[in-house]
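Engineer: Sequence and predicted structure are below.
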Amino acid sequence: MAVATRELGRTGLQVTTLGYGAMELRGAPRARDTTEEQAEAILNAVLDAGINYIDTSIDYGVSEERIGRYIAHRRAEYYLASKCGCLVGAPTAPRGQRSAHVFTRENVVAGVEQSLARMKTDYLDVVQFHSSPSRQTLEEHGALDALLELKAAGKVRFIGMSGTFPHLPNHIAMGVFDVFQIPYSAVEREHEAAIAAAARQGAGIVIRGGAAKGAPTEGKQAGLQWERWRQAHLDDLLDGMTPMEFILRFTFTNPDLDTTIVGTINPAHLRTNLDILRQGPLPPDLYEEAKRRLAAAGSAPRPVGE
């Protein structure tokens, strides 16, 4: 069965509603070590399954190189999204620390050129500013102008923002971004109103965190997400679904979503995610009741104007 697609905002790209997050391919020391064989297998399994949106970043370790090594010969089968602003040539940050980001014209151009070379392609479908910098940061050293010029030159088809509060409302108001990548799940609904606002402007919406990694889906019963899940008392709504199934279907049910990126190195997990997608959205009454209970437990949209 074909994977459902939606139009990525005004870009016209028909993207599968399940995308692949290639962060899982970054390897040690930032994540668990993965072999070249595992990387080759999962990337080709993604394409063989019909998924056509792959998201990566300069600072995801060896992720970009692996994409170039193992699926560059299948480039016509997928849309490729990466990031910019990550400091080119910076050493890998230790686990738990954020990599350096520098928003200058020179670093943006160097980053895109490096991504093109690593992934053995002449163009990137989407390049997103990483780390949600302020408008002032984007403009003061020419970072935004540089990305727009790369778009005009055809090296980048569409520009985006990997955005969060507090700067996301300003990013939306700028009206320049074709795509927004925003964290969102049933137990992390803070950006729900901002997602809707960006979609109303015609921007494509890419969700990350839609499987709520770290919530009860992963067997971890600690942290804010788990506490929200526990306090929402959703068990009677599951109707045979696992928490993982429910949370991912909740994400797919958001009417403003175009795709959600989920990462794995396990082909069985990939098949499970596809099976969940094929179950379709949650029934409307169940979805609304879940949102009501989740809001009461602290997982609620934050007003965009705050």
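Structural biologist: Thanks, I have it.
Engineer: those strands in this protein, which residues are they?
Structural biologist: Along the chain, counting by DSSP state E, strands occupy 5-7, 14-16, 18-21, 53-55, 79-84, 124-129, 156-162, 179-183, 204-208, 259-262.
Engineer: Going along the chain, name the helices of this protein.
Structural biologist: Assigned by DSSP state H, the helices in the chain fall at 36-48, 63-71, 105-118, 135-140, 143-152, 168-174, 192-200, 224-232, 243-253, 267-278, 284-296.
Engineer: Which residues are in contact with the one residue sitting closest to the centre of the chain?
Structural biologist: By CA atoms, centre = their mean, the chain has its centre lying nearest to Arg208, at 3.6 Å. Contact analysis of Arg208 by CB atoms under 8 Å, 6 or more residues apart in numbering lists 21, 55, 162, 181-184, 260-261. C-beta coordinates here come from the backbone N, C-alpha and C atoms, glycine included.
Engineer: Is it bridged to anything, and to what?
Structural biologist: Arg208 has these beta-bridge partners by DSSP bridges: Pro183, Ile261.
Engineer: Let me have the strands of the chain in a markdown table, adding mean pLDDT and distance to Leu286 as columns.
Structural biologist: Converted to a markdown table, the strands of the chain look like this (pLDDT from 0 to 100; distance: least, CB to CB, whole Å):
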| stretch | mean pLDDT | distance to Leu286 |
| --- | --- | --- |
| strand 5-7 | 98 | 22 |
| strand 14-16 | 98 | 24 |
| strand 18-21 | 98 | 21 |
| strand 53-55 | 98 | 27 |
| strand 79-84 | 98 | 32 |
| strand 124-129 | 98 | 33 |
| strand 156-162 | 98 | 31 |
| strand 179-183 | 98 | 23 |
| strand 204-208 | 98 | 20 |
| strand 259-262 | 98 | 19 |
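Engineer: any chance of the helices of the chain in CSV, with mean neighbour count and distance to Pro91 too?
Structural biologist: Shown next, in CSV, are the helices of the chain (neighbours: other CB atoms under 10 Å; distance: least, CB to CB, whole Å):
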stretch, mean neighbour count, distance to Pro91
helix 36-48, 17, 21
helix 63-71, 22, 16
helix 105-118, 20, 15
helix 135-140, 16, 22
helix 143-152, 19, 22
helix 168-174, 18, 29
helix 192-200, 20, 33
helix 224-232, 19, 31
helix 243-253, 22, 34
helix 267-278, 16, 30
helix 284-296, 15, 40
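Engineer: Turn these into CSV, columns for mean pLDDT and distance to Leu8.
Structural biologist: Formatted as CSV, the helices of the chain follow (pLDDT from 0 to 100; distance: least, CB to CB, whole Å):
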stretch, mean pLDDT, distance to Leu8
helix 36-48, 98, 17
helix 63-71, 98, 19
helix 105-118, 98, 19
helix 135-140, 98, 22
helix 143-152, 98, 15
helix 168-174, 98, 16
helix 192-200, 98, 11
helix 224-232, 95, 27
helix 243-253, 96, 15
helix 267-278, 96, 17
helix 284-296, 98, 23
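Engineer: if we can go back for a sec, determine which of the strands of the chain approaches Leu282 most closely.
Structural biologist: strand 259-262 (14.3 Å; CB to CB).
Engineer: Could you tell me which other helices and strands the closest one packs against?
Structural biologist: Packed against strand 259-262 by the contact rule (3 or more CB pairs under 8 Å, 6 or more residues apart in numbering; DSSP states H and E) you find strand 18-21, strand 53-55, strand 204-208, helix 243-253.
Engineer: Val206 reaches Ile54, doesn't it?
Structural biologist: No. Taking CB atoms under 8 Å as the definition, Val206 is not a contact partner of Ile54, at 11.3 Å.
Engineer: Turn the helices and strands packed on strand 259-262 into TSV, including distance to Glu113.
Structural biologist: Shown next, in TSV, are the helices and strands packed on strand 259-262 (distance: least, CB to CB, whole Å):
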stretch	distance to Glu113
strand 18-21	23
strand 53-55	19
strand 204-208	23
helix 243-253	34
